[in-house]
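*Asks:* could you work out the structure for the sequence below:
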Amino acid sequence: MVGIVKGQRELVAEKAQGSHSIFILKQKMTPEDRKALMAAIPNAFLQRDRAFHEISADLVDRSNAR
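*Replies:* Okay, here's the model as predicted:
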């Protein structure tokens, strides 16, 4: 992200927060929808998706810390 290279912490935090906020497992769903989603998504995808959103949240925290 160009904002990182340019030291634009606010931009980095905004973009990372956007990525973090769309974590599908944190969205409101019916129990039936959640069950169908979990049946359709491979476990490897879920692990990578969780890691991506954890990294995004960490980037938001670090961008706002300075």
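*Asks:* the closest residue to Arg9 other than its chain neighbours - how many residues pack around it?
*Replies:* Excluding its sequence neighbours, the residue lying closest to Arg9 (C-beta to C-beta, 6 or more residues apart in numbering) is Ser63, at 4.5 Å. All C-beta spots, glycine's among them, are computed from the backbone N, C-alpha and C. The number of residues packed near Ser63 is 20, by other C-beta atoms under 10 Å.
*Asks:* look up how far Lys6 lies from Ser63.
*Replies:* 12 Å (C-beta to C-beta, to the nearest Å).
*Asks:* same question, Thr30
*Replies:* 43 Å.
*Asks:* then the helix or strand harbouring Ser56 to PDB, C-alphas only?
*Replies:* For Ser56, the element it lies in under DSSP states H and E is helix 43-64. Output of helix 43-64 as PDB, limited to C-alpha atoms (Å, rounded to 0.1, in the frame of the first residue of the first chain):
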ATOM      1  CA  ASN A  43     -11.100 -24.800   6.400                       C
ATOM      2  CA  ALA A  44      -7.900 -23.600   4.700                       C
ATOM      3  CA  PHE A  45      -9.800 -20.500   3.400                       C
ATOM      4  CA  LEU A  46     -11.200 -19.800   6.900                       C
ATOM      5  CA  GLN A  47      -7.700 -19.900   8.400                       C
ATOM      6  CA  ARG A  48      -6.200 -17.600   5.900                       C
ATOM      7  CA  ASP A  49      -9.200 -15.200   6.100                       C
ATOM      8  CA  ARG A  50      -8.900 -15.000   9.900                       C
ATOM      9  CA  ALA A  51      -5.200 -14.300   9.600                       C
ATOM     10  CA  PHE A  52      -5.800 -11.600   7.000                       C
ATOM     11  CA  HIS A  53      -8.300  -9.900   9.300                       C
ATOM     12  CA  GLU A  54      -6.100 -10.200  12.300                       C
ATOM     13  CA  ILE A  55      -3.300  -8.600  10.300                       C
ATOM     14  CA  SER A  56      -5.700  -5.800   9.200                       C
ATOM     15  CA  ALA A  57      -6.700  -5.100  12.800                       C
ATOM     16  CA  ASP A  58      -3.100  -5.000  13.900                       C
ATOM     17  CA  LEU A  59      -2.300  -2.600  11.100                       C
ATOM     18  CA  VAL A  60      -5.100  -0.300  12.200                       C
ATOM     19  CA  ASP A  61      -3.800  -0.400  15.800                       C
ATOM     20  CA  ARG A  62      -0.200   0.300  14.800                       C
ATOM     21  CA  SER A  63      -1.200   3.100  12.400                       C
ATOM     22  CA  ASN A  64      -3.200   4.800  15.100                       C
END
